[in-house]
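# Give me a model of this one.
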Amino acid sequence: MDLFVFNDIEKDATVRALMERDSFPLSRGIMQFAETEGVTNDSMREYVVSLLANDENILSDIARSGKKMGRDLLGFARLDAEMVYKKLLSKAAINYTTSGNDTGFYEGYIKSIRKMTASRSAEELLDGLIEHYSTLGCGLLAKYIAFRFDGEKLSGIPDFDKTEFDDLVGLDRQKKILQENTEAFLSGSFANNVLLFGDRGSGKSSSVKALLNMYADRGLRVIELPKSAITAMPTLTNILAGSPHKYILFFDDLTFERHDTEYRSLKIAMEGQLQAAAKNVLVYATSNRRHLIRETLADREGGEFNMNDNMQEMLSLAERFGISLFFPSPDPKEYFEIIRVLLERRGIEMTEDIRKEAVRWEMRNGGKSGRGAKQFVGAFLEKQKQ
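Okay, the predicted model is just below:
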């Protein structure tokens with residue numbers, strides 16, 4: 001089987017076993033696939049479709065970049081689709097019913113795979129592949145909406161936090177600004193990097209998670225990075241440049257000491273390279289500090305010029321964030337309002353006894369915060385079950 005565009009799938013051991021009617025390696029390959037990635041009960045067809053959907057080739061590169069596809073390229077892709085459909089999808093296949101465990105894949109990816117698996121012609125299969133590449137991309141970036149990057153390896157997060165903005169009470173201004181900036185980003189308009197700073201437990205990280213849950217179906221993706229991965233940001237943005245999605249690079253609880261070198265790399269990566277900034281990447285960071293770089297008494301010594309230089313160095317990173325949002329701890333009234341709303345959504349009316357329990361909770365567990373209110377409600381609900 002000679003293919004022009006999808007030639008890499010010919011190297012796959014399970015595909016070779018199918019072509020050669022070698023039942024043992026074929027059954028083993030299909031079983032392993034069905035139990036880890038399968039989303040239909042037509043496992044043999046789905047296996048081939050999944051290989052095609054996740055194959056990086058000239059067609060997938062052009063489709064996911066949004067560039068024009070030439071007539072000849074489509075002609076060769078059509079010939080390949082006809083060959084694959086005849087030689088692989090139309091063959092008598094083994095029957096294997098998956099156990100049906102959750103794969104953790106993005107629902108849009110699952111729907112696309114199911115649609116292509118159900119294709120009844122080579123033309124329908126090719127149309128599905130082009131749509132898949134154009135809207136989802138291919139490979140790991142098509143399968144998930146949330147990721148981690150450790151500086152070397154990018155991995156998907158299958159069980160992403162389902163926090164929604166309705167869960168964040170009393171942050172109307174912050175939520176509005178975040179949503180407006182993110183919507184501008186998704187529409188291709190100018191958007192800013194964002195620094196979310198303020199007290200611990202005040203909803204900074206939860207707001208970023210809520211953005212992803214709100215806008216995933218519009219192409220938003222979030223990649224969480226540790227501070228140690230900052231120097232590898234240019235490599236990551238190059239990988240993301242060919243994707244149809246928009247990416248927030250998310251740094252949680254970001255703070256630097258003066259001796260850290262990563263903050264200079266972050267400054268350069270955000271703004272300062274000769275290469276233009278990636279149009280589909282923004283940086284959102286949370287911190288307890290407005291200026292990110294910890295100031296010491298030594299920074300205030302050495303004369304006026306030295307103090308000014310130190311201050312400019314500390315401000316220069318924060319200024320790379322076009323939007324800085326302050327997240328304060330709730331006052332007592334706001335703290336109880338958060339609890340009241342969270343309980344009300346679960347059909348429980350706030351009472352004086354519950355209020356007293358909430359006071360005892362925050363005194364034992366570090367004061368009033370949005371996180372503390374949510375933890376109290378979780379503990380209270382669990383207690384009610386007993």
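
# give me the beta-bridge partners of the residue nearest in space to the middle of the chain?
Of all residues in the chain, the one closest to the mean position by C-alpha atoms, centre = their mean is Ala146, 2.4 Å from it. Taking DSSP bridges as the rule, Ala146 bridges to Val222.

# Give me the pLDDT for it.
On the pLDDT scale, Ala146 is placed at 97.

# contacting residues for it?
With contacts defined as C-beta atoms under 8 Å, 6 or more residues apart in numbering, the neighbours of Ala146 are Gly156, Ile157, Phe160, Leu212, Arg221, Val222, Ile223, Glu224. (Glycine included, C-beta is placed from N, CA and C.)

# if you set the cut-off to 6 Å instead, what comes out?
Counting by C-beta atoms under 6 Å, 6 or more residues apart in numbering, Ala146 makes contact with Ile157, Phe160, Val222.

# and the gap between it and Glu164?
As for Ala146, its distance to Glu164 is 15 Å (criterion: C-beta to C-beta, to the nearest Å).

# mind checking the end-to-end distance for stretch 320-339?
36 Å (C-alpha to C-alpha, to the nearest Å).

# tell me the average confidence for that stretch?
Stretch 320-339 carries an average pLDDT of 87.

# List the contacts of it.
Residues outside stretch 320-339 that contact it (C-beta under 6 Å, 6+ apart): 169-170, 174, 192-196, 198-199, 202-204, 267, 270-271, 358, 368-370, 373, 377.

# now stretch 232-249
Residues outside stretch 232-249 that contact it (C-beta under 6 Å, 6+ apart): 64-65, 137, 141, 149, 151, 185-186, 219-223, 225, 269, 278, 280-284.

# how about a cut-off of 7 Å?
Residues outside stretch 232-249 that contact it (C-beta atoms under 7 Å, 6 or more residues apart in numbering) are 61, 64-66, 134-135, 137, 141, 149, 151, 185-186, 208, 219-223, 225, 269, 278, 280-284.

# Buried only: go through those residues for me.
64, 134-135, 137, 141, 149, 151, 185-186, 208, 219-223, 225, 269, 278, 280-284 (16 or more other C-beta atoms under 10 Å).

# These in strands, which ones?
Using DSSP state E to define strands, the subset of the buried ones among the contacts of stretch 232-249 located there is Phe149, Leu220, Arg221, Val222, Ile223, Val281, Leu282, Val283, Tyr284.

# quick one: which two of these are the most distant?
With C-beta to C-beta as the measure, no two of those lie farther apart than Phe149 and Leu220, at 16.4 Å.

# Any of the contacts of stretch 320-339 buried? List them.
169-170, 174, 192-196, 198-199, 202-204, 267, 270, 358, 368-370, 373, 377.

# Now, the residues you listed that are in strands?
Val194, Leu195, Leu196, Gly198.

# The second one - nearest residue in space that isn't next to it in sequence?
Ranked by C-beta to C-beta, 6 or more residues apart in numbering and with sequence neighbours excluded, the top spatial neighbour of Leu195 is Phe321, at 3.9 Å.

# worst-scoring helix or strand of the chain, pLDDT-wise?
Among the helical and strand segments of the chain, the one scoring lowest on mean pLDDT, DSSP states H and E is helix 304-318, with a mean of 53.

# how about low-confidence regions in the stretch 151-300 of the chain?
Applying pLDDT under 70 to the stretch 151-300 of the chain flags the ranges 259, 271-277, 293-300.

# for it, what spans make up the helices?
172-187, 204-215, 233-240, 262-270 (DSSP state H, counting those that start in this stretch).

# same check, this time on the stretch 1-150 of the chain
Listed in chain order, the helices of the stretch 1-150 of the chain (DSSP H, counting those that start in this stretch) span 13-20, 23-36, 43-53, 58-65, 71-84, 107-117, 122-136, 140-143.

# Please convert those helices to a markdown table, extending it with mean pLDDT and distance to Thr255.
Output for those, formatted as a markdown table (pLDDT from 0 to 100; distance: least, C-beta to C-beta, whole Å):
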| stretch | mean pLDDT | distance to Thr255 |
| --- | --- | --- |
| helix 13-20 | 92 | 48 |
| helix 23-36 | 94 | 38 |
| helix 43-53 | 95 | 41 |
| helix 58-65 | 95 | 36 |
| helix 71-84 | 97 | 49 |
| helix 107-117 | 97 | 36 |
| helix 122-136 | 97 | 36 |
| helix 140-143 | 96 | 29 |
